[in-house]
Every structure is written in C-alpha cells, then in structure tokens.
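[1] only geometry, no sequence info:
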C-alpha cells in the first residue's frame, strides 16, 4: 500500500499521512468501515520500507476523541 504512494510521488516529493495512533495495530469499528490504530514506530518502519524518509511525527489527543498521529515523509531520491 505505502509503496504505491511512494511510486506516485516524485523523488524528493512529500507525503503527509494521518492515522489513529495506538500501542498496537488493532481494528476498531468506525462510521463507514473498520479502521485501525497504528503505533508510530511501526508506521515509520513501513514508510522506510516503501522508500519514504520520515521528516517529522506529531501526535494529538483531544478529550473525548481517539488519539491521532501524523507523519511528514519525503520520497528518497533513489
């Protein structure tokens, strides 16, 4: 999945990926389809394997809402 994102991004181009952050990859019911929690470190590993270099990570927890994370990544030039 992430390798297809990388393929479509020019070398040096960027990606902002937002997701639900959790301690383990775990499905949960969402309004339209099942969604997943992902640990940030594991998502970074998948991005790296796809040829995307992590530039920045952010997390946010708003009261009464699921924890969110965002990763800014850049496609490597190779």
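    Alright, I've got the coordinates. The shown structure was predicted, so the numbers you read here are calculated from the model rather than taken from an experiment.
[2] rest of the way, CA atoms for contacts and neighbours
    Noted.
[3] my read is residue 44 is in a helix, agree?
    Yes. Assessed by DSSP: H, G, I helix; E, B strand; the rest coil, residue 44 belongs to a helix.
[4] and the gap between it and residue 63?
    Applying Cα to Cα, to the nearest Å, the value for residue 44 to residue 63 is 26 Å.
[5] Can you pick out the residue with more neighbours from the two?
    residue 44 (17 against 7; other Cα atoms under 10 Å).
[6] Can you tell me how far the more buried one is from residue 5?
    Separation of residue 44 from residue 5 (Cα to Cα) stands at 14 Å.
[7] And residue 22, by the same measure?
    23 Å.
[8] repeat for residue 50
    Relative to residue 5, and taking Cα to Cα, residue 50 is found at 8 Å.
[9] out of those two, which sits in the more crowded spot?
    Looking at residue 50 and residue 5 with other Cα under 10 Å, you find the greater number of neighbours at residue 50, namely 18 against 14.
[10] Brilliant, that's me finished.
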